[in-house]
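> sequence and predicted model, in that order:
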Amino acid sequence: MKPFLLFFFLAMISFSSQAEFFEVKDIRIDGLERVSSATVFGSLSVSVGDIIDRSSVRDLTRDLFRLGFFNDIKISRDGGILIISVIERPAVAKLIIEGNTAIPEETLFSSLRDNGLSEGQIFRQSVLKGMSQELERQYVKQGRYGAGVEIEVEELPQNRVAVTVLIDEGKVAAISGINIVGNLIFDDATLKPLFELKESNLLSFISQDDKYNREKLTGDIERVKSYYLNRGYLDFSVESTQVTISPDRDSVFITINIEEGSIHTVSEIVLAGNPMIPEKEIRSLIVQKEGEDFSQFLMTFSSEKIAERLGNDGYTFAEVKGVTEINNEDKTTKILFYIDPGKRAYVRRIEFRGNTKTMDEVLRREMRQIEGATASTKKIEWSKNRLQRTGFFKTVESETRPVPGVSDQIDVFYTVEEQPSGSVGASFGLAQSYGVSLGASIAEQNFLGTGNRLKLGLNQSGFQTNLNLHYSDPYFTKDGINAGFMVYAKKQDFEEGNLSNYTTESMGASTTFGWPVSEIQSVGFGLGFEKLELDSGGYFKTRLMEEFLDEEGNDYLMFTSNLSWGISTLNGSGNDATRGQAHKISAEISLPVGDLNYYKFNYDGQFFHTLSENLVLHLHANGGYGDGYLDTDTLPFFKNFYSGGNGSVRGFKQNTLGPRDVPITPGYENEADAFGGNVVVEGTVELLFPMPFLKDKNLVQMALFFDAGNVFDTDCGNVSEDFCQEPTISDLRYSVGVGGTWKSGFGPISVSFASPFNTGKEDEKETFQFNMGGGF
């Protein structure tokens, strides 16, 4: 302001020395370099033909200074010509930032630009202070309270300047203490784990959870508040919060003063508004009960369940709000659920976004919400779940929007992020039990975006060589009947798979059909044939093998039928699921027209339950039974069940549990090989959680596990009981341990560390196990 008054005073002296009033016949501007004359003329309050005086000069000078382009302005006249002489402020020719590592340079340049400082702009000295404060504020948000900013301005020729911003980022201040004052009922050991912010500890350099953040502290305080409200302390309050910084600005101390209050019980639950559905049904959805301690979570959850129920009847705009009426005298509260259903809504349109490869038809056939029908929250959510279960999409999000100008219609949008569904090229695998496997394959789970599956592969490992072609159409008919076929040729060396010394060469084909019984159930039927030739291992032939070959020979043509029933409510595929359950019962029965007559029944079940945001309980059970019929006395030994290793009972070598058979060769009677059996029982309990400290929660999945299982045989024949077990609970094998699966660019890599127990003398233990493989 002072420079303006000085320049205005000089301008007035210059102007008044010539005349007090005069008519402007022309206007001339001197001293412009980069500022255009049009910009100056456009800001003038004086025009040719005007009569001006001292007041006009004052207004004119003020308007020109407001442009911010000039350091000096002088107004004079030459006869009828108004002369405006200006000295422009310098332009910023160079803008340099030095010393920044924590904040990207582009972010800092953007902040400077927003504050009026960038290359090419007019340099304003007044901007510097505000700019320095803004940069320091950005570092404070990161907990760098000792950060400092200095600015150097270098004058350059042609009225230009170079501005250098020197940044001393300082250290990130660590939380040295979190002090909760007033907690008499719940101690610090109970409350502090609720905080996302932590006091500095040995792992802080990895987790970075000891860095102060205002937003995180707000969230932590809300979690403490919720903890008390969920336990009935309705009059809980946070009296004050203080955050102090040490003199060296390297440490942060947080103090939270609270008033715990008293527990309140629920005296009455009242429904208000227009429920639209029977009161008895609404009350069945309310999980908070009269006489119980109040819980904010239960009240909110009940409100959501009521709104969800109304949404299933088309009231997608329903609002349900739980309100408490507190009586502090007797420490009780009344809960009122205000229900406003709104208008019943109909779905005008369903749109899909993000599916650049997958056809709209593939997504639309999974919809259980129909356009033109009454909107249903359950059907909209179930349609989303069905899209997730296709396996074609990394993420699926659903959104409902009211139709503008219409009060009873909505549009439903499903936004998907597609993920790679196929691979072409080479494959690589490494298993501790089978060694290296190599192969070439063409596999496409979403062939040409149709949702059909195609796979052609050749795989080679120490255990087997396998050539196969598989094709399936999940919507062979519009009603959802699926169909598929497979042809294959393979050779297996069972000795390489830790089993008895024999090999098989086989070729075959099969076709399958599946019918959806309901939204979550399906049945399947298939037919197949297989031609198999067996090499018994010659000199090291085992006793059970010899008995079977003497009776059945070693060359077989088999025709099979396959039956299955399945039910699934999982919200994802494989171990990516977080809730729901799946059960499948299947049967493989050889038809009497073949050389061998046998049957195999199998059950596989899974259960997932979310315990917390990052913790999922997973239960898995597997059981099977097989036998021969008609003129085949037993289940063919090469169709046996096997157990042990990854995917089974970890901690034991792959396929080595259960019955064993001994060679008939003299001198090798005690070198028994795993032989499998006609009964398998397996179970797993796992706690699944993401790898700590990783930003991508889906990259590595960890598991604490307990495995149990074994293979048995109901007909041990002449085999010693040392080598063959009939089904008994006491002979189950167990293991506990920790494992992890990394979804790497080379395919999934799984490792496990297990400690087996209740072992037998013939069991082959393997504490560390790993598996890797995939396409590239």
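Arrived safely, thanks for sending. All figures in this text were calculated on a predicted structure; none of them were measured in a lab. Numbering: from 1, shown residues only.

> wait, residue 644 sits on residue 677?
No: the criterion here is Cβ atoms under 8 Å, and residue 644 misses it with residue 677 at 11.9 Å. For glycine as for every other residue, the C-beta is placed from the backbone atoms N, C-alpha and C.

> overlap in contacts, the two.
Here residue 644 and residue 677 have residue 658 as joint contacts, going by Cβ atoms under 8 Å, 6 or more residues apart in numbering.

> hey, where'd the helices end up in the stretch 201-350 of the chain?
Applying DSSP state H, counting those that start in this stretch to the stretch 201-350 of the chain gives helices spanning 204-207, 214-229, 279-285, 296-312.

> out of those helices, which is the most enclosed?
Mean neighbour count (mean count of other Cβ atoms under 10 Å) peaks for helix 296-312 among these, with a mean of 19.

> quick one: that helix to helix 214-229, angle?
90 degrees (axes from the mean of the first three to the mean of the last three Cα atoms, to 10 degrees).

> what's in contact with helix 296-312?
Applying Cβ under 8 Å, 6+ apart, the set of residues contacting helix 296-312 from outside is 226, 229-230, 276-277, 281-282, 285-288, 318-322, 324, 335, 337, 339, 341, 375-379.

> show me just the buried residues among these.
Listed as buried from the contacts of helix 296-312 are 226, 229-230, 276-277, 282, 285-286, 288, 318, 320, 322, 324, 335, 337, 339, 341, 375-377, 379; burial here means 16 or more other Cβ atoms under 10 Å.

> so which of those sit within strands?
In strands, defined here by DSSP state E, the members of the buried ones among the contacts of helix 296-312 are 320, 322, 324, 335, 337, 339.

> stretch 526-536: which residues count as buried?
526, 528, 529, 530, 532, 534, 536.

> what do you get for stretch 610-617?
So stretch 610-617, judged by 16+ other Cβ under 10 Å, has buried residues residue 616.

> picking up where we left off before, farthest-separated two in the ones in strands among the buried ones among the contacts of helix 296-312?
Pairwise distances across these (Cβ to Cβ) peak at 16.1 Å, for the pair 324 and 339.

> show me where the stretch 401-550 of the chain has strands.
All strands of the stretch 401-550 of the chain, identified by DSSP state E, counting those that start in this stretch, fall at 409-418, 422-431, 435-447, 452-461, 464-473, 482-493, 503-516, 521-535.

> just give me the neighbour total for the residue nearest to residue 132 when sequence neighbours are not counted.
In this structure, residue 132 finds its nearest non-sequential neighbour in residue 149, 4.5 Å apart by Cβ to Cβ, 6 or more residues apart in numbering. Burial of residue 149 is recorded as 20 neighbouring residues (other Cβ atoms under 10 Å).

> lowest mean pLDDT across the strands of the stretch 401-550 of the chain, which one is that?
Here the strands of the stretch 401-550 of the chain differ in mean pLDDT, and the lowest is strand 422-431 at a mean of 48.

> ok so, going back, could the helices of the stretch 201-350 of the chain go into CSV alongside distance to residue 352 and mean pLDDT?
Below are the helices of the stretch 201-350 of the chain laid out as CSV (distance: least, Cβ to Cβ, whole Å; pLDDT from 0 to 100):
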stretch, distance to residue 352, mean pLDDT
helix 204-207, 39, 75
helix 214-229, 34, 94
helix 279-285, 32, 94
helix 296-312, 21, 95
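
> for residue 767, find the nearest of these.
Ranking the helices of the stretch 201-350 of the chain by proximity to residue 767 (Cβ to Cβ) places helix 204-207 first, at 26.5 Å.

> gap between the closest one and the chain center?
What separates the centre of helix 204-207 from the centre of its chain is 22 Å, taken as Cα atoms, centre = their mean, to the nearest Å.

> can I get it in PDB, CA atoms only?
Provided in PDB are the C-alpha atoms of helix 204-207 (Å, rounded to 0.1, in the frame of the first residue of the first chain):
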ATOM      1  CA  SER A 204       7.600 -48.900  13.000                       C
ATOM      2  CA  PHE A 205      10.200 -48.500  10.400                       C
ATOM      3  CA  ILE A 206       8.200 -51.000   8.300                       C
ATOM      4  CA  SER A 207       4.600 -50.200   9.200                       C
END
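
> which residues sit against that helix?
Here helix 204-207 has contacts from 174, 198, 210, 692, 693, using Cβ under 8 Å, 6+ apart.

> with adjacent residues omitted, what lies nearest to the fourth one?
Residue nearest to residue 692 in three dimensions, not counting chain neighbours: residue 207, with 7.4 Å by Cβ to Cβ, 6+ apart.

> any idea how far residue 693 is from that neighbour?
According to Cβ to Cβ, to the nearest Å, residue 207 and residue 693 sit 5 Å apart.

> repeat for residue 96
For residue 96, the distance to residue 693 equals 36 Å [Cβ to Cβ].

> could you do residue 281 as well?
Counting by Cβ to Cβ, the gap from residue 281 to residue 693 is 46 Å.

> same thing with residue 687?
Separation of residue 687 from residue 693 (Cβ to Cβ) stands at 18 Å.

> between those two, which has more neighbouring residues?
Taking neighbours as other Cβ under 10 Å, residue 687 and residue 693 compare with residue 687 leading, 15 against 10.

> quick check on the more buried one: phi, psi?
Torsion angles at residue 687 (phi, psi; degrees, to the nearest 10) stand at phi -110, psi 110.

> what do you get for residue 571?
Dihedral angles phi and psi of residue 571 (degrees, to the nearest 10) take the values phi -100, psi 10.

> okay, and the beta partners of residue 84?
Per DSSP bridges, the residues bridged to residue 84 are residue 29, residue 75.

> got a list of what the residue nearest to residue 132 touches?
Residue 149 sits next to 132, 135, 136, 165, 166, 167, 168 when contact means Cβ under 8 Å, 6+ apart.

> turn those residues into CSV, columns for pLDDT, secondary structure and neighbour count.
Formatted as CSV, the contacts of residue 149 follow (pLDDT from 0 to 100; DSSP: H, G, I helix; E, B strand; the rest coil; neighbours: other Cβ atoms under 10 Å):
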residue, pLDDT, secondary structure, neighbour count
132, 82, helix, 17
135, 84, helix, 23
136, 83, helix, 15
165, 88, strand, 22
166, 90, strand, 14
167, 89, strand, 22
168, 88, strand, 13
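
> hmm, who's touching stretch 102-122?
34, 68-69, 88-95, 97, 100, 123-124, 127-128, 130-131, 134-135, 138-139, 142, 144, 163, 165, 169, 172.

> return the distance of that stretch from the chain's centre.
Put simply, stretch 102-122 sits 34 Å off its chain's centre (Cα atoms, centre = their mean).

> stretch 260-275: which residues count as buried?
Buried residues in stretch 260-275, counting neighbours by 16+ other Cβ under 10 Å, are found at 261, 264, 266, 267, 269, 271, 275.

> OK, contacts around the first one?
It stands for residue 261. Contacts for residue 261 (Cβ under 8 Å, 6+ apart) come out as 228, 233, 234, 235, 236, 237.

> got phi/psi on the closest residue to residue 690 other than its chain neighbours?
Nearest-residue entry for residue 690: residue 697, 4.1 Å, with adjacent residues in sequence omitted and distances by Cβ to Cβ, 6+ apart. Per-residue torsions, residue 697: phi -70, psi -20 (degrees, to the nearest 10).

> go ahead and confirm residue 697 touches residue 614.
Yes: the criterion here is Cβ under 8 Å, and residue 697 meets it with residue 614 at 7.1 Å.

> sorry, back to before: filter the contacts of stretch 102-122 to the buried ones?
Neighbour counting with 16+ other Cβ under 10 Å marks 69, 88-93, 95, 97, 100, 123-124, 127-128, 131, 135, 138-139, 142, 144, 163, 165, 169, 172 as buried within those.

> out of the contacts of stretch 102-122, name the ones that lie in strands.
88, 91, 92, 93, 94, 95, 97, 163, 165.

> and the fifth one, how far from residue 112?
Distance, residue 94 to residue 112, using Cβ to Cβ: 13 Å.

> ditto for the fourth one
Counting by Cβ to Cβ, the gap between residue 93 and residue 112 amounts to 15 Å.

> equivalent analysis for the third one, please.
With the distance defined as Cβ to Cβ, residue 92 ends up 10 Å from residue 112.
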